[in-house]
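# structure for the following, please:
(chains A and B)
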Amino acid sequence: MRLPTAKPASPATRALEVVPPSGPTAWLTTFTAGAMTFLCVFALALSLASGRLATRWSEALAKTATIRLSAPEEQVQIQTDAILAALATTPGIASYRLIDEAETTRLLEPWFGPGLPIEDLPIPRLIEVVEADPPYDSDGLKQRLTAEAPGAILDDHTRWRRPLAEAASRIRLLGVLSIALIGATMAAMITLAARAALATNSEEIRVLRLVGAKDSYIARAFVRRFTLRTLGGAAFGAAAGLLGVAALPAADAAGGFLTGLGFTGWDWLWPLALPPLAAILAFLATRRAAFQKLRELT
Amino acid sequence: MITFENVAYSYGGGELLSDVSLKLAPGSFHFLTGPSGAGKSTFLKLAYAELRPTSGRVTLFDNDVTKLSRDDIARTRRRIGIVHQDCKFLDHMTLAANMALPFTVSDRESDHKDMEDLLSWVGLQHLADALPPQLSGGERQRAALARAVIVDPDIILADEPTGNVDWEMSLRILTLLVELNKMGKTILVATHDLNLIRQAKAQIQARVLRIAKHRVQLAGADL
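A predicted model of the protein is given here:
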């Protein structure tokens, strides 16, 4: 005769045993957790990448400015000299550089195609200015240039920078919002699944209450089960998501802002934190659902 | 052990029980009888805190039921053995595991020897490994009784324990209940089987409570 005492089991394992093995719907929780974590990895990648992008654009563009000089041909050299002289005496400028014709041609090539006789076009002169720390007074420099070289326009890139940086941080906000929604959805689905499981097993729960089981004992069995299922699903989803992100084409300088979706350095640790976070979420959601449902049963 | 003081219980519609006052003394044997739907099960549910009285006071082991938390109720039920007419088990666990359930849920170990003794006392030692759905009605009743007494409760509440079994099995269950009473347990059996009550009265001193017109009265010798 085999008696329960014949096989020693920890109280937690025995608590698992008192709930009947769940039917074919059990894998749905695992699947949901997996799918949600998979999506979460991408939302995370999006947020981190756009965060990086916003910083990069702000920093890179903030440090340089361009002075563009369009003047009648005979005035060009005079005004160029005037600009260079002005820059040399303006505090807050780390360096400045006159971009020569060859480089200008190279810069324009992507827009006009090679072989265009741009020598015949009135191409403005470009001077790159790198700001120092503390930076120069932009308005002051503009006024000085207007006086000394009327054809010069100082472009400090704020016009470009601001909308781009704003767009990037907006995308990051969307990413964070997506992560929050994914988390909330996962909690909602697990709650529903746990409630369904509790409802299906209401007869068993009645028996357990009748023989003197506390709510915490009954809840333990369900909570453990759902937490483990979620952990398993989330681990799988995170792994799949990471593979997906790793398989994205590598970011290069030219297309950086499109293909930059991914993780760099320590960012790779974030997706690894997702399965434990999902498990904690499942633990809390199931526990709450279990105690709520148990109070409905006597 | 269990005290009712001016207890009333009403469902949404009308009053099912009213003005019930009685006391179950330790070691007593009571029958509760009355027509179907008179409130026998409700009375028992009040006695094991499944239901709370709509008015009056039910006291279990000197504790007012309305003041018990859910955990207190769980702890109280470990001192009360409950047997139902349609006894429920956990169908995916063996009979032996089901009988050990009151121990399992309180994180205690059941004693191997006690278990074997109990199984042979109810004559089910050969079915220890069987699953509950494989048992007959009489076997289920005896298994439920064994599960109810395994933690050595002070009180045994049985709701129609012989409702689904033949006369011979009824007598066997009655004998088990009588033996428990002789061991000092307080017993309350709800039944509409008057023959069973007569049979019991021949063996022990049993009192009969009758539910009539929403009230619980002590019946005389008119059975």
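# residue 100: how many residues sit nearby?
Since you didn't name a chain, this refers to chain A. Neighbour count of residue A:100, defined by other C-beta atoms under 10 Å in any protein chain shown: 11. For glycine as for every other residue, the C-beta is placed from the backbone atoms N, C-alpha and C.
# wrong one, chain B
27.
# so how far is residue A:170 from the residue most central in space within chain B?
Central residue of chain B (C-alpha atoms, centre = their mean): residue B:157, 1.7 Å from the mean position. Residue B:157 sits 66 Å away from residue A:170, taking C-beta to C-beta, to the nearest Å as the criterion.
# ok, residue A:234 touching residue A:33?
Yes. The criterion here is C-beta atoms under 8 Å, and residue A:234 meets it with residue A:33 at 4.7 Å.
# between those two, who's got more neighbours?
Higher neighbour count among residue A:234 and residue A:33: residue A:33, with 31 against 28, using other C-beta under 10 Å.
# so the more buried one is in which element?
Assigned by DSSP states H and E, residue A:33 belongs to helix A:26-63.
# following that helix, which helix or strand comes up?
The C-terminal neighbour of helix A:26-63 among helices and strands, as given by DSSP H and E, is strand A:64-69.
# low-scoring stretches of chain B, by residue?
For chain B, the stretches with pLDDT under 70 are B:220-223.
# show me which residues of it sit near chain A.
For chain B, the residues in contact with chain A (C-beta under 8 Å from any C-beta of the partner chain) are B:48, B:50-51, B:70-71, B:74-78, B:82, B:88-94, B:96-97, B:100-102, B:104-107, B:109-112, B:115-116, B:119, B:125, B:128-129, B:147, B:151.
# just the buried ones among those, please.
B:48, B:50-51, B:70, B:74-78, B:82, B:88-90, B:92-94, B:96-97, B:100-102, B:104-106, B:110, B:115, B:119, B:128, B:147, B:151 (16 or more other C-beta atoms under 10 Å in any protein chain shown).
# what about those, which are in strands?
Secondary structure assignment by DSSP state E places residue B:82 of those in strands.
# could I get the full set of helices for chain B?
For chain B, the helices defined by DSSP state H occupy B:40-47, B:70-77, B:95-99, B:101-105, B:112-121, B:137-149, B:167-182, B:194-203.
# and the closest residue to chain B within the stretch 51-200 of chain A, what pLDDT?
Minimum separation of the stretch 51-200 of chain A from chain B (C-beta to the nearest C-beta) falls at residue A:200, amounting to 12.8 Å. At residue A:200, the predicted lDDT confidence score is 87.
# quick one, what contacts it?
By C-beta atoms under 8 Å, 6 or more residues apart in numbering or on different chains, the contact list for residue A:200 is empty.
# the helix holding residue A:33 close to chain B?
No. Residues of helix A:26-63 contacting chain B under C-beta under 8 Å from any C-beta: none, with a closest distance of 14.2 Å.
# who are the packing partners of that helix?
Where contact means 3 or more C-beta pairs under 8 Å, 6 or more residues apart in numbering or on different chains; DSSP states H and E, helix A:26-63 is packed against strand A:125-131, helix A:158-200, helix A:215-246, helix A:269-296.
# where does the stretch 151-298 of chain A dip in pLDDT?
For the stretch 151-298 of chain A, applying pLDDT under 70 flags the ranges A:158-159, A:250-261, A:298.
# interface residues of it facing chain B?
Residues of the stretch 151-298 of chain A lying near chain B by C-beta under 8 Å from any C-beta: A:203-204, A:206-217, A:294-295, A:298.
# same thing but at 7 Å, please
With the criterion set to C-beta under 7 Å from any C-beta of the partner chain, the stretch 151-298 of chain A comes near chain B through A:203-204, A:206-208, A:210-215, A:217, A:298.
# so which of those residues is the closest to residue B:33?
The shortest approach to residue B:33 among those belongs to residue A:210, at 23.0 Å (C-beta to C-beta).
# surely that closest one meets residue B:80?
No. Counting by C-beta atoms under 7 Å, residue A:210 does not reach residue B:80; the two are 9.4 Å apart.
# which stretch among the helices and strands packed on helix A:26-63 comes nearest residue B:206?
Using C-beta to C-beta as the measure, helix A:215-246 is the one of those that comes nearest residue B:206, at 35.9 Å.
# helices and strands around that closest one, which ones?
Here helix A:215-246 touches helix A:11-17, helix A:26-63, helix A:158-200, helix A:269-296, going by 3 or more C-beta pairs under 7 Å, 6 or more residues apart in numbering or on different chains; DSSP states H and E.
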